[in-house]
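K.L.:
fold the following, please.
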Amino acid sequence: MSARLLVQALRDPDGVMVLDARRWNDLIAMARAERLIGTLALRIEDRPVPEAVRPILSDARLEAEREARQALWEADRAAEALAGLDVPVVLLKGTAYAAAGLRAGQGRFIGDLDILVPREAMEQVEHALLRAGWEWVKDDPYDDAYYRQWMHELPPMIHAGRDRMIDVHHTVLPLTARQTPDAGAMIAEAVPITNELYMLSPEDRVCHAAAHLLADGDLAGGLRNLWDIYCLLDGVDADALEARAARHGLAAHVRQARRLAAALYGEGGRLTVRDRIVAARLLARDGWGRERRKLLRFAFYLRSHWLRMPPAMLARHLFTKWRKGHRPALQ
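P.N.:
Below you'll find the predicted structure:
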């Protein structure tokens, strides 16, 4: 058993009509675990499904709509808080997709508000958000110093009244990462959504999504990120994307993301050995929605840190986090 059942349902929604009760249970558990249940519900639309499944899918659609409204309101509140700074505020990820009405935002569950602002404006933005009611999620001197010195964003903030988090980025990968995307170029070529808010250009949206999936994390929840990429690729000129990816140092990651998206969600394609290892990590779930293949997941956990920082710094960081009680959740 793997999450390939979920992938097949997203790729070919007609196939769900032959599922028995056990396979429906598996599919729903996997979709919930990957936060793709809203997307799945929209993909299935009005196809005949078992009576017990209908309210689950209906609730998922309503929840996705509620999250989108809440995300857009949060973006509006952030724009209001930053309005006097004369700073471009670029929405990232799910909020951007929902605000622009993109296919990638349809049925998507949206968590934190992610924004991109110029690095030189970070202090202004930080103070403006604090004045408007946001506060630090936790007060940890080590984490605060680590974020400010090495990361691509401020430490996480949460609004005291609305209990919603915001991640303020000045670039899209940690400063210690092997790739150094041109955040200035991303901001310069961002396209307006409203008078106050922007989003990345079509090519940069794919580059950012590919970097987030393949150059930064451990691929947990990666099937949703790959679905984003599959949707974002629609209508993007391949040559323009290749040129843009090269500018950001992400050409290899974007090519791999395109291969994986085509193989899992599209019409198929040839995968390299490395692609197949990544695909195995993405699909590592059982019928209860639980992650499988502990050693493979741990290898990608280590890889995520290896990508983010040089070996000596990585050793110091992992030792410090270990002393503070942090353990990777691999059960």
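K.L.:
need the phi and psi values for E153.
P.N.:
Phi and psi for E153, reported as degrees, to the nearest 10, are phi -160, psi 160.
K.L.:
leaving out chain neighbours, which residue sits closest to it?
P.N.:
H169 (4.4 Å; Cβ to Cβ, 6 or more residues apart in numbering). All C-beta spots, glycine's among them, are computed from the backbone N, C-alpha and C.
K.L.:
D76 - that's part of a helix, no?
P.N.:
Yes: with DSSP: H, G, I helix; E, B strand; the rest coil as the criterion, D76 is part of a helix.
K.L.:
can you give me the distance of it to R69?
P.N.:
From D76 over to R69 the distance is 11 Å, taken as Cβ to Cβ, to the nearest Å.
K.L.:
swap in A243?
P.N.:
37 Å.
K.L.:
one more: A98?
P.N.:
In this view, A98 and R69 are 9 Å apart by Cβ to Cβ.
K.L.:
repeat for A284
P.N.:
33 Å.
K.L.:
so the two - more neighbours on which side?
P.N.:
A count of neighbours by other Cβ atoms under 10 Å puts A284 above the other of A284 and R69, at 20 against 12.
K.L.:
thinking again about what came up before, so the residue nearest to E153 sits right up against P118, yeah?
P.N.:
No: counting by Cβ atoms under 8 Å, H169 sits too far from P118 to count as a contact (10.5 Å).
K.L.:
out of those two, which sits in the more crowded spot?
P.N.:
Set H169 next to P118 and count neighbours by other Cβ under 10 Å: H169 wins out with 20 against 17.
K.L.:
so that one bridges to which residues?
P.N.:
Taking DSSP bridges as the rule, H169 bridges to L116, E153.
K.L.:
report pLDDT for it.
P.N.:
At H169, the model reports a pLDDT of 96.
K.L.:
contacting residues around it?
P.N.:
Each residue near H169 by Cβ atoms under 8 Å, 6 or more residues apart in numbering is listed here: L92, D114, I115, L116, V117, H152, E153.
K.L.:
which non-adjacent residue is nearest the most centrally placed residue in the chain?
P.N.:
Residue closest to the average C-alpha location in the chain (Cα atoms, centre = their mean): N225, at 5.2 Å. Spatial nearest neighbour of N225, chain neighbours left out: L213 (4.3 Å); criterion: Cβ to Cβ, 6+ apart.
K.L.:
let me know the pLDDT of the one you found.
P.N.:
Per-residue confidence (pLDDT) for L213: 95.
K.L.:
where do the strands of the stretch 51-200 of the chain begin and end?
P.N.:
Per DSSP state E, counting those that start in this stretch, the stretch 51-200 of the chain carries strands over the ranges 89-91, 113-116, 134-136, 157-159, 165-169, 191-192, 197-199.
K.L.:
can you pull the buried residues of the third one?
P.N.:
Going back to what we said before, that points to strand 134-136. W134 (16 or more other Cβ atoms under 10 Å).
K.L.:
show me what that strand is packed up against.
P.N.:
Counting contacts by 3 or more Cβ pairs under 8 Å, 6 or more residues apart in numbering; DSSP states H and E, strand 134-136 packs against strand 157-159.
K.L.:
mean confidence score for the strand it packs on?
P.N.:
Strand 157-159 comes out with an average pLDDT of 95.
K.L.:
pairing partners for that strand, with directions?
P.N.:
Here strand 157-159 has these sheet partners by DSSP bridges: strand 134-136 (antiparallel), strand 165-169 (antiparallel).
K.L.:
out of these, which gets nearest to A128?
P.N.:
Each of the strands paired with strand 157-159 has some distance to A128 by Cβ to Cβ; the shortest is strand 134-136, at 9.1 Å.
K.L.:
other residues contacting the closest one?
P.N.:
Residues from elsewhere that reach strand 134-136, judged by Cβ under 8 Å, 6+ apart: A81, D144, P155, P156, M157, I158, H159, A160, I166.
K.L.:
so what's the fifth one up against?
P.N.:
Shown here is M157, whose contacts under the criterion Cβ under 8 Å, 6+ apart are L129, L130, W134, E135, W136, V137, M165, I166, D167, V168.
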